[in-house]
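J.: I need the structure of the sequence given here:
(4 chains)
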There are 2 protein chains.
Amino acid sequence: MDKQLKRMATMQRIQTTGLEIFYQKGYHNTSIDDILKELSLSKGAFYYHFQSKEEFFISIVQNLLFRKVYSSLIEPIEGEEDPLNKIAACFDNALETAEHNFLDYGFVLSNFITEFNGKNPDIMNYLQDILKVWEVNLVTALQKGKTDGYVNRHVDSEAVATYLISSYIGIRTLMVEGNGKMLRYNYIQQLRHYFKLIEHKEPA
Amino acid sequence: MDKQLKRMATMQRIQTTGLEIFYQKGYHNTSIDDILKELSLSKGAFYYHFQSKEEFFISIVQNLLFRKVYSSLIEPIEGEEDPLNKIAACFDNALETAEHNFLDYGFVLSNFITEFNGKNPDIMNYLQDILKVWEVNLVTALQKGKTDGYVNRHVDSEAVATYLISSYIGIRTLMVEGNGKMLRYNYIQQLRHYFKLIEHKEPA
DNA sequence: AGGGTAACAGACTTATAGGTCTGTTTATAG
DNA sequence: CTATAAACAGACCTATAAGTCTGTTACCCT
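T.: This is a model prediction of the structure:
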């Protein structure tokens, strides 16, 4: 009984620091030993729990990465009214977290997408699934915003979602260079500016 | 006399296919042998011309990468009137090129920034220099647009530039997943939408 | 024409990284 | 308490990749 728990605990431990180091150094630039060293674990332990480096990474994507993106970028918007303000607040919040990281490595998801594109279609699918969920959720929120009178009925929800995701991925990529505060401020300013165009306007 | 030319030609050859493969597979995932194999050249040739893999990569960044970004994203806007339309056309053009690549690997510059962030400050500087040139050029174009009566005087040029670069980096990252046509269409649509807000409005 | 050097070939060295395998510890069941 | 299997340790194997070094070819200069 307790064995199962211990097993899960160890796997979680390895996955957690695995994601951390993969995020910092990239998949190809990280060795299994790098992760094991951090945990003071042995090769035997690792390969007892995971079949290979690739299978290990996929398990991280499905478990930790998805939840990470979901809790920070999807859940805060889901089901809420006034989607535009919610999205802006959610993005601002996520960027604030990034800004206060001493050394920021960008948006985890897009980093991996960049790294695996054209190299590993299998992993790419798992990563793009997360993107899809995000996009669908944004579109749903925008559509709901229309019926609730927050979003102009003439806007193309899918196009807006694409544009939002693009800009977010981009600003997170730019923020790695350091002056995150300025970038965040400018970005949110323009985002809110952009939202003025697509929000519902009361007929005068 | 001719020696010098031959030297330059060979170096160019190695650099060109080097950039190609680094772009496709990433820096850490490409070996010198991968490049040499493509060229049917030997280790001796490579290390005769370049000191190390890193120095080789930096030479590529300074020579080829800068020119690539410059000619496709900076030069078409430089000095032109009506900056907003020019920028939209320029972006659309760049995205069209990407769209028609059978297998797209994203925006070269941001790919490398993602890969080297936190790992090699030296290389990062060279990469960010290119970004800086791009940003400065966009800001200049927007400012000029103000005096020429194309851009609203109240817009924050630097914030707009940041926003533009972000969205472009993001859309290029997204386009790797395949349906580039739809993404490009949606993106440009929203971009032009956004531009309506910051363009100069004639007082009624 | 031939000596000398630039340009290149390719075997070799060394380090690292993914993965295997055998042995040892630990914990639970009977 | 002990047999047994899970959980882990760590030496080992093998492949690859960066970089070195010696030898060879090609071209220029006098």
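J.: helices along chain A, start to end?
T.: Taking DSSP state H as the criterion, chain A contains helices spanning A:2-25, A:32-39, A:43-49, A:53-60, A:66-69, A:83-99, A:108-116, A:121-147, A:157-174, A:180-198.
J.: worst average pLDDT in those?
T.: Of all the helices of chain A, mean pLDDT reaches its minimum on helix A:2-25 (a mean of 90).
J.: give me every residue that touches the spatially most central residue of chain A.
T.: Nearest residue to the geometric centre of chain A (CA atoms, centre = their mean): A:Val69, 3.6 Å. A:Val69 makes contact with A:108-109, A:130, A:134 under the criterion CB atoms under 8 Å, 6 or more residues apart in numbering or on different chains. Where C-beta positions appear, they are placed from N, C-alpha and C, glycine not excepted.
J.: can you say which of the helices of chain A is nearest to DNA strand D?
T.: helix A:43-49 (1.9 Å; CB to the nearest atom of the strand).
J.: give the buried residues for the closest one.
T.: Buried positions in helix A:43-49, judged by neighbour count with 16 or more other CB atoms under 10 Å in any protein chain shown: A:46, A:49.
J.: so A:Leu109 sits right up against A:Ile130, yeah?
T.: Yes - because the distance of 5.9 Å satisfies CB atoms under 8 Å, A:Leu109 is recorded as touching A:Ile130.
J.: gap between the two ends of stretch A:34-43?
T.: 11 Å (CA to CA, to the nearest Å).
J.: hmm, that stretch touching DNA strand D?
T.: Yes - counting by CB under 7 Å from any atom of the strand, contacts between stretch A:34-43 and DNA strand D involve A:40-43.
J.: pull out the buried members of those.
T.: So, of the residues of stretch A:34-43 next to DNA strand D, A:Leu41 end up buried under the neighbour-count rule (16+ other CB under 10 Å).
J.: please list which of the residues of stretch A:34-43 next to DNA strand D are also close to DNA strand C.
T.: Near DNA strand C, by the rule CB under 7 Å from any atom of the strand, you find A:Lys43 out of those.
J.: isn't A:Phe56 right up against A:Thr17?
T.: No - A:Phe56 is beyond contact range of A:Thr17, at 11.7 Å (criterion: CB under 8 Å).
J.: got the domain boundaries for chain A?
T.: A:1-50, A:58-198 (automatic domain parsing).
J.: circling back to that earlier point, now do the shared contacts for A:Leu109 and A:Ile130.
T.: Common contacts of A:Leu109 and A:Ile130, defined by CB under 8 Å, 6+ apart, comprise A:65, A:69.
J.: how about A:Lys119, phi and psi?
T.: For A:Lys119, the backbone dihedrals (degrees, to the nearest 10) come out as phi -110, psi -40.
J.: residues near it, how many?
T.: A:Lys119 is flanked by 15 other residues according to other CB atoms under 10 Å in any protein chain shown.
J.: who's more crowded, A:Phe56 and A:Thr17?
T.: Neighbour count, other CB under 10 Å: between A:Phe56 and A:Thr17, A:Phe56 has more, with 20 against 17.
J.: contact partners for that one?
T.: If you count contacts by CB under 8 Å, 6+ apart, then A:Phe56 has A:14-15, A:18, A:32, A:46, A:50 around it.
J.: which one, of the helices of chain A, ends up nearest to B:Gly26?
T.: Across the helices of chain A, B:Gly26 has its closest neighbour in helix A:108-116 (6.2 Å, CB to CB).
J.: and the closest one with chain B, contact?
T.: Yes - against chain B, helix A:108-116 shows contacts by CB under 8 Å from any CB of the partner chain at A:110-111, A:113-115.
J.: that older thread, now, the most widely separated pair of the contacts of A:Phe56?
T.: Farthest pair in those, by CB to CB: A:Gln15 and A:Ile32, 12.7 Å.
J.: more neighbours: those two, which one.
T.: A direct count of neighbours by other CB under 10 Å for A:Gln15 and A:Ile32 places A:Gln15 higher, at 20 against 17.
J.: wait, the more buried one sits on A:Asn63?
T.: Yes - counting by CB under 8 Å, A:Gln15 does reach A:Asn63; the two are 6.3 Å apart.
J.: among the contacts of A:Val69, which two are most distant?
T.: Taking CB to CB, no two of the contacts of A:Val69 sit farther apart than A:Val108 and A:Trp134, at 12.6 Å.
J.: show the contacting residues for A:Ile74.
T.: A:Ile74 touches A:133-134, A:137, counting by CB under 8 Å, 6+ apart.
J.: now, among those residues, which is nearest to chain B?
T.: Nearest to chain B among the contacts of A:Ile74, counting by CB to the nearest CB, is A:Trp134 at 11.0 Å.
J.: who in chain A is up against DNA strand C?
T.: So chain A meets DNA strand C at A:1-3, A:6, A:30-34, A:43-44, A:47, A:52-54 (CB under 7 Å from any atom of the strand).
J.: list the contacts of the residue nearest to A:Asp148 when sequence neighbours are not counted.
T.: Nearest in space to A:Asp148, with sequence neighbours left out and distances taken as CB to CB, 6 or more residues apart in numbering or on different chains, is A:Glu81 at 5.6 Å. Each residue near A:Glu81 by CB under 8 Å, 6+ apart is listed here: A:144-145, A:148, A:150.
J.: let's see 10 Å
T.: Residues in contact with A:Glu81, defined by CB atoms under 10 Å, 6 or more residues apart in numbering or on different chains, are A:141, A:144-145, A:148-150.
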